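K.L.:
Have a look at this prediction, sequence included:
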Amino acid sequence: MFKGFNQANVYVEGQGFVKKTILIDGGKIVAIQDEAIPGLLSLPENLLVVPGFIDKHIHGAGNEDAMYPNQKAIETIARVIASEGVTSFLVTTMTQSREKIDAALSNIKTYIEANHTTGSKAIGIHLEGPFICKKYKGAQIEEAIVPCDVETFKHYQEVSGNHIMQVTLAYEENGKELVSYLKSKGVVASIGHCDATSDQTLEGIEAGITSATHTYNAMKPIHHREIGTVGAVLLSDHIYAEIIADLVHVSPNAIKLLLKCKGKDKIVAITDGIEAKHLSDGLYHLGGQEVIVKNAEARLEDGTLAGSTLKMNVALKNLLRVTGLSFTDVVDLATKNPAINLNIAAHKGNIAIGKDADFAVVDHEFNVYYTIAEGHMIYQK
């Protein structure tokens with residue numbers, strides 16, 4: 001068990017980087033103090049201690065995918081993404097047949113409840129589909145798409161052991177009742193893969209939608225006579241916007257526009273990573289479809305973007321360069337913001353006494369040197 005840092009440069013919310021000693025016990029932060037404690041980890045001056053990164057939208061890594069119904073798949077994803085500074089993640093499913101989703105959810109349930117300590121912590125499930133629309137299906141399988149349905153969700157939640165924390169849905173596909181139900185259960189409703197008008201989207205936000213899935217991608221775009229899903233997401237102050245900052249899914253100017261409209265407190269960095277992440281170009285799979293990775297871009301045979309090979313620390317490096325935000329503000333996009341959005345800010349998202357001992361140790365370029373999840377050292381460069 002990792003015991004803490006001695007006199008490190010620590011990001012403490014409201015103070016920026018300050019020289020502090022952090023003491024850990026039982027996977028929690030029990031002290032943050034000025035005085036040194038001999039025997040704890042001492043770091044070089046160029047390294048910074050920040051909260052562990054939270055990736056609430058990731059399908060796979062290391063040649064494994066969340067839809068593969070075996071424990072090795074989730075174990076591999078958790079181990080591989082630890083090198084990105086990710087300490088917590090939502091295991092993200094895809095639109096497939098009910099039987100395949102059931103098998104994946106049952107497998108993820110078993111993994112989560114085993115409480116592994118050797119990789120990034122799988123804290124829950126992101127059900128991406130099957131409640132989406134065909135027009136903006138992206139790399140999802142069209143034949144398996146179904147309208148939003150509360151009873152179907154209840155079935156999936158039961159199979160998952162009540163571990164589904166976020167659902168991506170097309171609100172215009174009978175979504176009002178499902179959004180209200182999700183809100184009542186504390187599950188994040190995230191609009192995505194949808195053709196909702198701006199009025200429908202704003203109605204959905206009023207009903208309880210609090211997140212937009214990979215903003216700009218796979219949703220009705222802006223037009224000056226109908227600003228669509230994207231326009232409503234930009235307009236509303238009540239919804240968090242996921243962003244894949246690989247500079248492929250979205251341009252630098254699209255990121256700047258998002259920041260200008262949403263502000264730094266409503267943007268959540270995600271990777272949407274697939275099994276090709278951390279591997280070389282080549283042929284891979286996503287949701288039963290072949291994916292061609294060339295120059296680190298993942299696409300179906302018809303050219304449709306199919307997730308990403310983005311690493312979280314690289315996403316933050318890109319956001320730092322593109323946005324002009326401060327280093328700590330960029331860190332918040334992968335820590336504080338997703339924690340608040342997922343309703344887990346009571347124990348994750350920043351460095352404070354009583355919170356989970358989740359840390360990424362990085363340099364000023366977001367290169368990762370150590371990752372600690374709930375007091376366990378899960379990565380060391």
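P.N.:
The structure has been received and is ready for your questions.
K.L.:
For residue 259, identify the helix or strand it belongs to.
P.N.:
Remark: residue 259 resides in helix 252-262, with elements defined by DSSP states H and E.
K.L.:
May I see the buried residues of that helix?
P.N.:
Buried residues in helix 252-262, counted by 16 or more other Cβ atoms under 10 Å: 254-255, 257-259, 261-262. Just so you know, the C-beta spots here come from the backbone N, C-alpha and C atoms, and that holds for glycine as well.
K.L.:
chain center to it, what's the gap?
P.N.:
Computed by Cα atoms, centre = their mean, to the nearest Å, the chain-centroid distance of helix 252-262 equals 19 Å.
K.L.:
and it, C-alpha only, in CSV?
P.N.:
The C-alpha trace of helix 252-262 is given here as CSV (Å, rounded to 0.1, in the frame of the first residue of the first chain):
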residue,chain,number,x,y,z
PRO,A,252,-8.9,23.3,-32.4
ASN,A,253,-11.5,26.0,-33.2
ALA,A,254,-14.4,23.7,-32.3
ILE,A,255,-12.7,23.2,-28.9
LYS,A,256,-12.3,27.0,-28.5
LEU,A,257,-15.9,27.6,-29.4
LEU,A,258,-17.0,24.9,-26.9
LEU,A,259,-14.9,26.6,-24.2
LYS,A,260,-16.3,30.0,-25.1
CYS,A,261,-19.9,28.8,-24.8
LYS,A,262,-19.7,26.3,-21.9
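K.L.:
Can you name the residues in contact with the helix or strand following that helix?
P.N.:
Using DSSP H and E, the helix or strand that follows helix 252-262 towards the C-terminus is strand 267-270. Strand 267-270 is contacted by residues 53, 55-58, 211, 214, 240-245, 258-259, 312, 315-316, 319, 333-334, 337-338, 341 when judged by Cβ atoms under 8 Å, 6 or more residues apart in numbering.
K.L.:
ok so, going back, quick one: the buried residues of helix 252-262 as CSV, columns for distance to residue 283 too.
P.N.:
Converted to CSV, the buried residues of helix 252-262 look like this (distance: Cβ to Cβ, whole Å):
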residue, distance to residue 283
254, 29
255, 30
257, 35
258, 32
259, 36
261, 38
262, 37
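K.L.:
among the contacts of strand 267-270, which ones are buried?
P.N.:
So, of the contacts of strand 267-270, 53, 55-58, 211, 214, 240-245, 258-259, 312, 315-316, 319, 333-334, 337-338, 341 end up buried under the neighbour-count rule (16+ other Cβ under 10 Å).
K.L.:
if we can go back for a sec, for the helix holding residue 259, packing partners?
P.N.:
Applying 3 or more Cβ pairs under 8 Å, 6 or more residues apart in numbering; DSSP states H and E, one finds that helix 252-262 makes contact with helix 228-235, strand 240-244, helix 312-323.
K.L.:
Residue 66 versus the residue nearest to residue 300 when sequence neighbours are not counted, what's the distance?
P.N.:
Once flanking residues are discounted, residue 300 sits nearest to residue 306: 5.2 Å by Cβ to Cβ, 6 or more residues apart in numbering. According to Cβ to Cβ, to the nearest Å, residue 306 and residue 66 sit 14 Å apart.
K.L.:
These two: who's more crowded?
P.N.:
Under the criterion of other Cβ atoms under 10 Å, the comparison of residue 306 against residue 66 puts residue 66 first, with 29 against 26.
K.L.:
List phi and psi for the more buried one.
P.N.:
With angles defined as degrees, to the nearest 10, residue 66 sits at phi -60, psi -20.
K.L.:
swap in residue 190?
P.N.:
phi -120, psi 120.
K.L.:
Is it in contact with residue 170, as I believe?
P.N.:
No - with contact defined as Cβ atoms under 8 Å, residue 190 does not count as touching residue 170 (10.8 Å).
K.L.:
and residue 301, what is it in contact with?
P.N.:
290, 292.
K.L.:
Validate this expectation: it resides in a helix.
P.N.:
No - if the criterion is DSSP: H, G, I helix; E, B strand; the rest coil, then residue 301 is coil and not within a helix.
K.L.:
Now do the contacts for residue 240.
P.N.:
Applying Cβ under 8 Å, 6+ apart, we find residue 240 in contact with 210-212, 266-268, 337-338, 340-341.
K.L.:
if we go to 7 Å?
P.N.:
210-211, 266, 268, 337, 341 (Cβ atoms under 7 Å, 6 or more residues apart in numbering).
K.L.:
next one: residue 56
P.N.:
Counted by Cβ under 7 Å, 6+ apart, residue 56 has contacts 90, 126, 166, 268, 270, 338, 342.
K.L.:
Take those residues and keep only those in helices.
P.N.:
residue 338 (DSSP state H).
K.L.:
Most neighbours out of the contacts of residue 56, which is it?
P.N.:
Most neighbours among those, by other Cβ under 10 Å: residue 338, with 30 neighbours.
K.L.:
That residue touches residue 52, doesn't it?
P.N.:
No - with contact defined as Cβ atoms under 7 Å, residue 338 does not count as touching residue 52 (11.0 Å).
K.L.:
The longest helix anywhere in the chain - contacts with which helices or strands?
P.N.:
Counting by DSSP H, the longest helix found in the chain is helix 98-113. On a contact count with 3 or more Cβ pairs under 7 Å, 6 or more residues apart in numbering; DSSP states H and E, helix 98-113 meets helix 71-81, strand 121-128, helix 150-159.
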